[in-house]
Each structure stands twice: as C-alpha cells, then as structure tokens.
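Engineer: coords below, sequence missing:
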C-alpha cells in the first residue's frame, strides 16, 4: 500500500514517514528540502517541490492509495498557502481516484461537536488575535475537505511536544481532551486512520 505524505520534512512529518515505513507502507513524500527529511529507504520516494506546484502534487498523489498531510502555516502572513495547496491535493486525489485523505489541524479549528471549557475559549480567543491568519488558513482547509466527495478525516491536536510516544490517546472533541500530545503519538493516530473507518468524515480531537 502506498501513501502520499505532505509535510514529511517537518518535526511531526518525520515521525509519520518513519512510522509508515516501519509499518511496511511505501511512501511518496513531497518536500521542499529533501535533506531536511533525513531518511533513505527502499520504500521511500522523495519528490522535491511544494504544494503550490500542481504538477509536483500530481506526481506525489498519482499512484497512492491514501493521502496524509501534516502541513501547517509557517507564519501568520495572509498567504493562505496551505488552503491554496489543498486545492491541488484535492484535485489530484479526485483525478486519480484516491478516496482516503487524512490531515491534521490545530484544536483551535472548531467542530460542531466541541464543548469548549472556559480555558479553551480563552486560548482560542488569544490564538485568533495572535495568529488569526493561521487559523483562517486552516479553517479554509477544513471547509475544502468537508465539502469534497472524499473519505476525509481531520485530526485536530492541541500543543505538540517532542516527548516519547505514550501509545495511548484521549479521543473526543475540544472540551474532552488534555492540553498536549506528543508528535510521535499524533503521527501514530493519523497512520492508524489509513485502515480505520471509525472517523471517516469526522473531526476528532486527540491528546495524551
């Protein structure tokens, strides 16, 4: 089974790529700087480029069985690069009949089932003041996924840490989860969704 991974050279993406290879998947990763990924493997193909290049996105998705993205805005500038790039990813997935797509988003992107506590509302308010364009970009990404015909899952996460994997998750919605999750555990949960239909067309929030 082959996975197309976007954001594979980032801190979380490196966990995702390594875990996918360890689990026996073939991986095609689109990255701007291949040396940042720091991996070589017989089942790993690296394509240099970014999601704003429709041709490179198509090359990444073409032979995949599922798409995973851990992309997020790198600054609060009103560039909306992730949502613009998601248009290319969704178009390629539909062109090549890749039905399954799993992406990540911050827990500041809300879902109707959320039950935010006072502290959640406070941090959500602060996030929109400090990083309003980041939230807006990812909200656009979520909207594009939700209105697509694909079998999507949007995994929403709180603060990410570099702690070792715990192998256990608290799964629910904002108001149910704890404030942190390790990048390794986030990657493991996302990888599990490739073959798990429980959260198809859902927006679970997870934490340690």
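Structural biologist: Right, received. Where do you want to start? In this text the structure is predicted, and so the values were computed from the model without any measurement.
Engineer: Please, where are all the helices along the protein?
Structural biologist: Taking DSSP state H to define them, one finds helices in the chain at 11-22, 34-37, 54-61, 81-95, 118-130, 132-146, 183-192.
Engineer: Just give me the lowest mean pLDDT stretch among those.
Structural biologist: If you rank the helices of the chain by mean pLDDT, helix 118-130 sits at the bottom with a mean of 77.
Engineer: contacts for that one?
Structural biologist: With contacts defined as CB atoms under 8 Å, 6 or more residues apart in numbering, helix 118-130 is touched by 76, 106, 107, 108, 110, 114, 116, 134, 135, 174, 175. C-beta coordinates here come from the backbone N, C-alpha and C atoms, glycine included.
Engineer: Using TSV, please lay out the residues you listed together with neighbour count.
Structural biologist: Below are those laid out as TSV (neighbours: other CB atoms under 10 Å):
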residue	neighbour count
76	14
106	19
107	26
108	21
110	18
114	18
116	16
134	22
135	20
174	22
175	15
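Engineer: ok, so of the residues you listed, who is nearest residue 183?
Structural biologist: Ranked by distance to residue 183 (CB to CB), these are led by residue 106 at 13.4 Å.
Engineer: what's the residue nearest to residue 13 when sequence neighbours are not counted in contact with, if anything?
Structural biologist: Nearest residue to residue 13, sequence neighbours excluded (CB to CB, 6 or more residues apart in numbering): residue 7, at 4.3 Å. Residue 7 makes contacts with 13, 16, 69, 70, 71, 72, as judged by CB under 8 Å, 6+ apart.
Engineer: If we use 7 Å, what do you get?
Structural biologist: 13, 69, 70, 71 (CB atoms under 7 Å, 6 or more residues apart in numbering).
Engineer: From those residues, list the buried ones, please.
Structural biologist: For those, a burial check counting by 16 or more other CB atoms under 10 Å picks out 13, 69, 70, 71.
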